[in-house]
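A.B. asks: Sharing a sequence plus its predicted fold:
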Protein chains: 2
Amino acid sequence: MIQTSIITGQQARLASRSNVHTTSTSGLAPGYLQANLIILPSRYASDFRNLCARNPVPCPLIAESETTGCDDAVISHIKTLRGDEILGEGSDLRRDAPRYMVYKDSKLEKSHCSDITAEWTSDHVAFLIGCSYSFEAELTAAGLPPRQLVLGRNVPMYRTTLRLCPSGVFRGGTYVVSMRPYKRRDVETVRNITRRFGATHGEPLDWGWEAVERLGIEDIDGPEWGDAPLDGDGKRAFGEMRGGAEDENEDEDEEIPVFWGCGVTPQEAVMRAGLEGLVMAHAPGHMLVLDARDEDIAG
Amino acid sequence: MIQTSIITGQQARLASRSNVHTTSTSGLAPGYLQANLIILPSRYASDFRNLCARNPVPCPLIAESETTGCDDAVISHIKTLRGDEILGEGSDLRRDAPRYMVYKDSKLEKSHCSDITAEWTSDHVAFLIGCSYSFEAELTAAGLPPRQLVLGRNVPMYRTTLRLCPSGVFRGGTYVVSMRPYKRRDVETVRNITRRFGATHGEPLDWGWEAVERLGIEDIDGPEWGDAPLDGDGKRAFGEMRGGAEDENEDEDEEIPVFWGCGVTPQEAVMRAGLEGLVMAHAPGHMLVLDARDEDIAG
């Protein structure tokens, strides 16, 4: 297996650059931070930075291009890390994610291309946003592995009606959330574990079957991104597990949906804003693997 | 008039401490930052700090007690300011707001008392939260004075159904918003002006008559705090101004409600959390005036 030789963030980036690794980065270089990547024309950079500052739970900004047009170094937005600790020397933001998406005037222009060297200009600014992969290892270590990891599936992600705080051109956007099922009795433990990872979405946004309606999620079994959630045996749709009890808070062993902010949120906000020019992003699941480690950002 | 001799933040605090100034701090020491004050038993401090970090628009944390129990110095949460620039030597968090509220086991114990020296213990931590007074002067300078200032009233504040991102014991809370009416044509200017004040709620959360429903506000003429909003002449209820047009976005001269995050939000969240022990806060409108100036926190 190729993955056994990819142990560090740098190795993951080099393997992506040389097209040795071309698929999802889930499970790659365990313990290393992975980031969502969004690349914008510089005139939108200030509004986007402010969008992240106003909505840190779904849009945790880790770092951005050191200067406008800089494709090989970042400045850090994490107090305890320097830019070169997040992304070391010799990196290339245009080639080091396994796959990219390119949007022109807010319309998809290229899907899953291997690099964006032709599209990147001296006017582009790259933003690195935290990803919930960081706390999944910690949940697993605590004996509470996320269901989708156990079943070898992708985490389900949903559009919600929960509105972001607007910022300049970025307005009308809503949260995207990821969901992992847990027993009601484990929710406080799960909250406590993921709370430490403030730079990668932190503790859940909401939980319980009632939260499905509160968040305006139309169909728990039909996520907008990722794979549909299943029961523990991987046989039945998770939504079928919902009890019909009057008092939904009674059964401590019942599995309920637990929702976290999701890094797809800023991408959705960018698409919705009708930006002009070339916007780039990593392809979903094909993250940029960093040199900092999950534990470096845990509070 | 007494107020003419109160020009600096320090003078405002000393006048409050000596009970020379005992009323609202609106208009006091113009140009100096004013802060919402929340004082909690130390076991809740971490969850509260995290609540602010996750919800920076309604809960912009400016500073907190330098150490647990410290009542005369703060550490800064603003990058560009030191703690002693926010609150100078010789301050007393227990006496320097004009009026205080005291809650015991989440029930109101004392209202509008002049100090909390009897209640403060070595286990308390004070938090200073930004206040929208900071951007009102800037709006006025731009020829867009907030309606309530012109009419000599208090800003109307509303409970909403927009949920905060929970943090530990603080869960189920919702945004409180303040509202100022502006013409539709002025909204972008108002957004641009207030955007700079990220440490004091920043740009609006939402705007337009449709936002009233989106935010779950029951009655625009019946705010939960402050005074009811009026038309420009101060004669009619603001809600009566709402046009009945199908397309609500047509008339650029129409006045619409513009909503900002409000510093009452963290107080509401604290009350809702059912905390045990003694919790203290400033009395509404009776803020702690700081040594830093509005311009110091403008981006």
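C.D. replies: Yes, it's here.
A.B. asks: can you give me the end-to-end distance of stretch A:99-112?
C.D. replies: Using CA to CA, to the nearest Å, the end-to-end distance of stretch A:99-112 comes to 5 Å.
A.B. asks: Please apply the same query to stretch A:48-68.
C.D. replies: For stretch A:48-68, the first and last residues are 14 Å from each other (CA to CA).
A.B. asks: Likewise for stretch A:286-299?
C.D. replies: Distance between the boundary residues of stretch A:286-299 (CA to CA) amounts to 26 Å.
A.B. asks: what do you get for stretch A:158-173?
C.D. replies: Start to finish, the residues bounding stretch A:158-173 are 13 Å apart (CA to CA).
A.B. asks: What are the buried residues along that stretch?
C.D. replies: Buried residues in stretch A:158-173, counting neighbours by 16 or more other CB atoms under 10 Å in any protein chain shown, are found at A:158-160, A:162-171, A:173. C-beta: built from backbone N, CA, C; applies to glycine.
A.B. asks: same thing with stretch A:221-232?
C.D. replies: Under the neighbour-count criterion of 16+ other CB under 10 Å, stretch A:221-232 has A:223, A:225-226, A:228-231 buried.
A.B. asks: would you list every one of the strands in the stretch 1-150 of chain A?
C.D. replies: Using DSSP state E, counting those that start in this stretch, the strands found in the stretch 1-150 of chain A span residues A:32-41, A:61-65, A:74-76, A:100-104, A:107-113, A:124-129.
A.B. asks: In a markdown table: those, plus mean neighbour count, distance to chain B and mean pLDDT.
C.D. replies: Conversion of these to a markdown table gives the following (neighbours: other CB atoms under 10 Å in any protein chain shown; distance: least, CB to the nearest CB, whole Å; pLDDT from 0 to 100):
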| stretch | mean neighbour count | distance to chain B | mean pLDDT |
| --- | --- | --- | --- |
| strand A:32-41 | 25 | 18 | 96 |
| strand A:61-65 | 24 | 12 | 97 |
| strand A:74-76 | 20 | 13 | 98 |
| strand A:100-104 | 19 | 25 | 96 |
| strand A:107-113 | 13 | 25 | 94 |
| strand A:124-129 | 26 | 16 | 98 |
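A.B. asks: In JSON lines: those strands, plus distance to A:Glu89.
C.D. replies: As requested, these are exported to JSON lines (distance: least, CB to CB, whole Å):
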{"stretch": "strand A:32-41", "distance to A:Glu89": "16"}
{"stretch": "strand A:61-65", "distance to A:Glu89": "15"}
{"stretch": "strand A:74-76", "distance to A:Glu89": "12"}
{"stretch": "strand A:100-104", "distance to A:Glu89": "22"}
{"stretch": "strand A:107-113", "distance to A:Glu89": "25"}
{"stretch": "strand A:124-129", "distance to A:Glu89": "16"}
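A.B. asks: out of the ones you listed, nearest to A:Asn50?
C.D. replies: Taking CB to CB as the measure, the strands of the stretch 1-150 of chain A were each checked against A:Asn50, and strand A:61-65 came out nearest at 10.1 Å.
A.B. asks: same for chain B: which of the buried residues of stretch A:158-173 are within range?
C.D. replies: Judged by CB under 8 Å from any CB of the partner chain, the overlap between the buried residues of stretch A:158-173 and the neighbourhood of chain B comprises A:162-163, A:165-168.
A.B. asks: Chain B: which of the buried residues of stretch A:158-173 is nearest?
C.D. replies: A:Cys165 (4.6 Å; CB to the nearest CB).
A.B. asks: mind listing the helices for the stretch 101-250 of chain A?
C.D. replies: Assignment of helices within the stretch 101-250 of chain A using DSSP state H, counting those that start in this stretch yields the ranges A:133-141, A:147-150, A:187-195, A:209-214.
A.B. asks: okay if I get these as CSV plus mean neighbour count and mean pLDDT?
C.D. replies: Formatted as CSV, the entries for the helices of the stretch 101-250 of chain A read as follows, by neighbours: other CB atoms under 10 Å in any protein chain shown; pLDDT from 0 to 100:
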stretch, mean neighbour count, mean pLDDT
helix A:133-141, 20, 89
helix A:147-150, 18, 92
helix A:187-195, 17, 96
helix A:209-214, 16, 96
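A.B. asks: Export those helices to a markdown table and append columns for distance to B:Leu61.
C.D. replies: Putting the helices of the stretch 101-250 of chain A into a markdown table (distance: least, CB to CB, whole Å) gives the following:
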| stretch | distance to B:Leu61 |
| --- | --- |
| helix A:133-141 | 23 |
| helix A:147-150 | 35 |
| helix A:187-195 | 17 |
| helix A:209-214 | 26 |
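A.B. asks: Include distance to chain B when you put those into JSON lines, please.
C.D. replies: As requested, the helices of the stretch 101-250 of chain A are exported to JSON lines (distance: least, CB to the nearest CB, whole Å):
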{"stretch": "helix A:133-141", "distance to chain B": "15"}
{"stretch": "helix A:147-150", "distance to chain B": "22"}
{"stretch": "helix A:187-195", "distance to chain B": "7"}
{"stretch": "helix A:209-214", "distance to chain B": "7"}
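A.B. asks: The buried residues of stretch A:158-173: which two are farthest apart?
C.D. replies: Comparing every pair within the buried residues of stretch A:158-173 by CB to CB identifies A:Tyr158 and A:Gly168 as the most remote, at 26.0 Å.
A.B. asks: Quick one: residues contacting A:Trp260.
C.D. replies: When contacts are counted by CB atoms under 8 Å, 6 or more residues apart in numbering or on different chains, A:Trp260 is found next to A:132, A:177-180, A:194, A:201-205.
A.B. asks: if you set the cut-off to 7 Å instead, what comes out?
C.D. replies: A:Trp260 makes contacts with A:132, A:177-178, A:201, A:204-205, as judged by CB atoms under 7 Å, 6 or more residues apart in numbering or on different chains.
A.B. asks: Number of residues surrounding A:Asn50?
C.D. replies: A count of nearby residues for A:Asn50, using other CB atoms under 10 Å in any protein chain shown, gives 20.
A.B. asks: pretty sure it contacts A:Val169?
C.D. replies: No. No contact is recorded between A:Asn50 and A:Val169 when judged using CB atoms under 7 Å, the distance being 10.4 Å.
A.B. asks: Could you check how far A:Glu254 is from A:Pro145?
C.D. replies: Noted for A:Glu254: a distance of 19 Å to A:Pro145, by CB to CB, to the nearest Å.
A.B. asks: which of these two has more neighbours?
C.D. replies: Summary of the neighbour comparison: A:Glu254 and A:Pro145, criterion other CB under 10 Å, with A:Glu254 having more neighbours (18 against 14).
A.B. asks: Before I go, just wanted to say thanks for your time.
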